[in-house]
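Q: build me a model from this:
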Amino acid sequence: MSSNSSRRRWPLLLPPLLWQLTFFLLPLLFLFVISFWSVVNFRLEPDMTLKNWDFMLSRSSFWSAYGHTWSLALGAAVVTTCCSFPAACSLAFTVSERTRKLALMFLVVPFFTSYLVRVYSWQAFLADNGIVNALLALVGLDGLPMLNSDFGSLVGYVTLALPLVTLVQTMGLAQIDRNLIEAAHNLRAGPVRTLFEVIMPLAKPSLVVGALFAFILAFGDFVAPTYLGGGAPPTLSNLIIDTTKSGQQWPRAAVVAIVMILTLVVTSLAAVRLAYGRRK
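A: Just a heads-up that it's a prediction; the model follows:
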């Protein structure tokens with residue numbers, strides 16, 4: 001009976017498997033292969049050499065960009081998680097089912113617009129003569145340098161990830177058994193203790209997975225660090241762009257891309273392990 005069921009499931013699994021093979025595994029394999037090629041007179045030569053890996057991994061600028069990208073992505077994950085959690089708690093525990101569905105629909109609306117347009121709109125707010133500094137001047141405060149800085153990049157990352165992280169957290173919090181919360185109240189646990197000892201441990205998977213999504217989106221994004229961060233110091237995404245523009249060095253850019261993918265794979269595995277623990 002189980003073998004018949006497995007045979008029936010295979011046709012259903014085939015389309016997503018073919019999709020992953022065609023649009024992820026094969027391009028990733030091609031990316032890995034061309035990292036061993038060379039560029040001669042602006043043309044790719046398949047000579048299978050390690051000089052691209054040696055050139056990129058031996059440069060201090062590469063590791064500086066790697067550390068900068070890691071720190072920005074980690075900061076985006078933390079800030080986005082902290083900003084999303086109060087909203088997710090409110091949607092999961094204090095509003096009606098109808099209101100929650102309406103709010104979740106509005107959280108999807110930002111994905112209908114271009115992320116690039118949203119980043120450009122932030123320039124009007126964060127510029128030296130922008131809206132935020134104009135409001136600070138009205139209350140007698142000096143303006144703050146927000147554009148072309150890490151703060152600007154962080155604003156762009158949060159803009160990208162916040163709706164998605166809020167959705168993930170809300171769905172996780174909505175599945176918590178309300179009887180456990182009532183039991184904590186009956187045992188004289190206050191709101192703060194209930195939050196940290198009951199709600200957050202039960203919501204741990206959604207919190208970790210939401211933070212992972214924010215980290216992944218920020219780690220690979222080039223729009224925010226380019227148009228809000230100024231591109232200096234560069235992130236790995238900026239480094240890929242600069243490398244391809246410098247003599248069409250696609251193999252060296254492939255090295256950077258593979259390092260990014262491996263980093264995200266290791267980080268994702270660690271986050272899933274943290275969220276769900278080891279299965280017995």
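
Q: so where do the helices sit in the stretch 101-250 of the chain?
A: Assigned by DSSP state H, counting those that start in this stretch, the stretch 101-250 of the chain shows helices spanning 115-126, 131-138, 150-174, 178-186, 191-194, 200-202, 204-220, 223-227, 236-245, 250-276.

Q: which of these sits closest to Asp54?
A: helix 250-276 (9.5 Å; CB to CB). All C-beta spots, glycine's among them, are computed from the backbone N, C-alpha and C.

Q: buried residues in the closest one?
A: 250-260, 263-264, 267, 271, 275 (16 or more other CB atoms under 10 Å).

Q: could you do stretch 190-199 as well?
A: Within stretch 190-199, judged by 16+ other CB under 10 Å, the buried ones are 194-195, 198-199.

Q: longest helix in this structure, by number of residues?
A: Ranked by residue count under DSSP state H, the longest helix found in the chain is helix 60-93.

Q: packing partners of that one?
A: helix 97-108, helix 150-174, helix 204-220, helix 236-245, helix 250-276 (3 or more CB pairs under 8 Å, 6 or more residues apart in numbering; DSSP states H and E).

Q: closest one to Leu25 among these?
A: helix 250-276 (11.7 Å).

Q: quick check: angle from that closest one to helix 60-93?
A: 40 degrees (axes from the mean of the first three to the mean of the last three CA atoms, to 10 degrees).

Q: what angle sits between helix 250-276 and helix 236-245?
A: Going by the same axes, to 10 degrees, helix 250-276 makes 160 degrees with helix 236-245.

Q: and helix 250-276 with helix 204-220, angle?
A: 170 degrees.

Q: the nearest residue to Pro110 once chain neighbours are set aside and Leu217, how far apart?
A: Using CB to CB, 6 or more residues apart in numbering and skipping residues adjacent in sequence, the residue nearest Pro110 is Pro163, 5.0 Å away. As judged by CB to CB, to the nearest Å, Pro163 and Leu217 stand 11 Å apart.
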